[in-house]
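Enquirer: Sharing a sequence plus its predicted fold:
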Amino acid sequence: MKSMKWLFSTFLGLGLFTLSVQANTTLITNVKGYTLNEKGRLQQFSAALIADGKIASLDPQHIPQDAVRIDGKQKIMLPGLIDAHGHLLMLGASLLQVDVRDASSAQDAAKLVTQYAKAHPEQQWITGSGWNQELWPDRRFPTAAILDKAMAEHPVVLSRVDGHAVWINSQALALTGITKDTPDPAGGQIIRDAKGDATGVLVDNAMDLVNAVMPKDGPQQFQQMLNAAGPHLLSLGVTAMQDAGIGHDVYDFYLAKEVAQQLPLRIYAMVAATDPDLSEMLANGEIYSVDDFLTIRSVKVFADGALGSRGAAMLAPYHDAPHQNGLMVTEPEKFKPLFDQIIGAGFQLNIHAIGDRANHLALQQFADTFSRIGGKDLRNRIEHAQVIAPEDLRKFAELGVLPSMQPTHATSDMNMAEDRLGKARMVGAYAWQTLLQSGVHMPLGSDFPVELANPFYGLHAAITRQDHNNQPVNGWYPEQKMTRLQAFKGFTQDAAYGAHMEDKIGSLTPGKWADFILVDQDIFEVPASDIWKTQVLSTWIAGKRVYQK
């Protein structure tokens, strides 16, 4: 195991040595720069000296004669932003598929499918994403019959905005073989009508029934997705992202791309616990590339579903559906062996938990596993941590478990969260400030393509808890707002900490990689309501410009 890691790093290092000795020293001057120092305090600077791809000084006194000088023209310089939870190739796929995010109704979404199918006659399967019935007038799940009017000849599969349900047409439904007698799979639900017939929506693990008959993606499709997603993220100022759940096929693809030095940004990948080859990937050991473009040392586990589809596992029934408590995607009795396997292998365990029951069970299992085999120092995480029982809020800090959260989830969910939960449970919902005050590190991200990938949307949501129309007036449950410094730290230093990379990225301090962006406005001085409007002018990774507006 150790020799495999050493060979991988050494091979990459030989190629990088040639690049580094040829690299020029760069001096960027005349900027209004912000970063966090090692104590997490805001530091300003006006110039940065970069040598061999890393920050040499923010107060350069001795400039090499051959240094390339760049005038920053008084633009704002920030560390490259880190998205602590996204899905890279899913983002690429969404950019290549029909996007129904802005559809005003199920019928409107179906029209978009028709338009897309006409523009792409070569596609045998029509795929897309972004629908959200909570934004439609009737707030009801859509049906296959609606899609059939738009496209009956080819199978259609549209993912819900949160990725926890799919809407399919009758052609796709027929291919799944679902009948009245098909049972709901464990951790999943086939939405049915009064007669027991499937209506065309599959929730959580039931999605596997259509995934099993869809064409499988391979390296060629992965490359197309990467080609779409990489430039998109760089244009938004994202220089590193944490990929929340990859299978063995993507694991191999990323390794090949890193060896060829063809990854567009830094990737910290979480292996999918559901992959049948999990044991093999754990046995391979942790993966570190010498240029820090690829790190694989964590595993993504699913506890429950999502709030919008009522799949989030709750301790008490849903306020607006008293007969439902949500779904445990991974059965609780499987937690102990799974936690022991992953943490026992020295891998960080990052578990998706949205409902208060899922969060409670995850925290309970972390405590049990730590007491028997250790692993607290792995900086294990709960991804989303959206609804937490009040008595469980303090356990994150006590156990050293990081709440990895996505601020735009709150502003997207505020139209329905209270309906789902009722007012009493809101005290532990999206409780950012409560958790921060307990002393935890809080990595922040977007969960793209569930939400839009723009990190300035996330900063705005964290600081204001408002939409882009400044609603609600004082913010949604404003006592949980973050300060500008807290939000900035979440997308930089804390995100790096959550990936064990705070010594390499996350701030512009000497010795770290020169990953930075130049933007058009000062996010620490403009009105908070305008932060989401920030435009990225250029993006740099390891001192090399990789995007220019």
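Expert: Now that the structure is in, tell me what you want to look at. Numbering: from 1, shown residues only.

Enquirer: wait, doesn't N169 sit right on A144?
Expert: Yes: the criterion here is CB atoms under 8 Å, and N169 meets it with A144 at 5.1 Å. For the C-beta atoms, the positions are set from N, CA and C on the backbone; glycine is no exception.

Enquirer: For the two, indicate the residue with more neighbours.
Expert: For N169 versus A144, the count of surrounding residues by other CB atoms under 10 Å is larger for N169: 27 against 21.

Enquirer: can you tell me which residues contact the more buried one?
Expert: A144, L147, D148, A150, M151, A152, P155, V156, G200 (CB atoms under 8 Å, 6 or more residues apart in numbering).

Enquirer: repeat that for 6 Å
Expert: Contacts for N169 (CB atoms under 6 Å, 6 or more residues apart in numbering) come out as A144, L147, D148, V156.

Enquirer: mind checking pLDDT for A119?
Expert: pLDDT for A119: 89.

Enquirer: gap between it and K149?
Expert: A119 is 18 Å from K149, where distance means CB to CB, to the nearest Å.

Enquirer: Which of those two has more residues huddled nearby?
Expert: The residue with more neighbours, out of A119 and K149, is K149; 13 against 9, by other CB under 10 Å.

Enquirer: From A109, how far out is the more buried one?
Expert: Counting by CB to CB, the gap from K149 to A109 is 12 Å.

Enquirer: in the stretch 401-549 of the chain, which spans are strands?
Expert: Listed in chain order, the strands of the stretch 401-549 of the chain (DSSP state E, counting those that start in this stretch) span 402-404, 516-519, 536-541, 544-548.

Enquirer: Next, the angle from the longest one to strand 544-548.
Expert: Going back to what we said before, that points to strand 536-541. In terms of direction (axes from the mean of the first three to the mean of the last three CA atoms, to 10 degrees), strand 536-541 departs from strand 544-548 by 150 degrees.

Enquirer: and strand 536-541, what does it pack onto?
Expert: strand 516-519, strand 544-548 (3 or more CB pairs under 6 Å, 6 or more residues apart in numbering; DSSP states H and E).

Enquirer: Please identify the buried residues of the shortest one?
Expert: Residues of strand 516-519 classed as buried under the neighbour-count rule (16 or more other CB atoms under 10 Å) are F516, I517, L518, V519.

Enquirer: now the last one
Expert: When neighbours are counted by 16+ other CB under 10 Å, the buried residues of strand 544-548 are found to be V546, Y547.

Enquirer: same for it, what does it pack against?
Expert: By 3+ CB pairs under 6 Å, 6+ apart, strand 544-548 packs against helix 219-235, strand 536-541.

Enquirer: what lines up beside the last one in the sheet?
Expert: Just to be clear, that refers to strand 536-541. According to DSSP bridges, strand 536-541 forms sheet pairs with strand 516-519 (antiparallel), strand 544-548 (antiparallel).

Enquirer: Throw those strands into a markdown table and include distance to I28, thanks.
Expert: Formatted as a markdown table, these follow (distance: least, CB to CB, whole Å):
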| stretch | distance to I28 |
| --- | --- |
| strand 516-519 | 8 |
| strand 544-548 | 11 |
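
Enquirer: Among the ones you listed, which comes closest to S129?
Expert: With CB to CB as the criterion, S129 lies closest to strand 544-548 of those, at 24.8 Å.

Enquirer: List the neighbours of the closest one that are in contact with it.
Expert: L234, S235, S538, T539.
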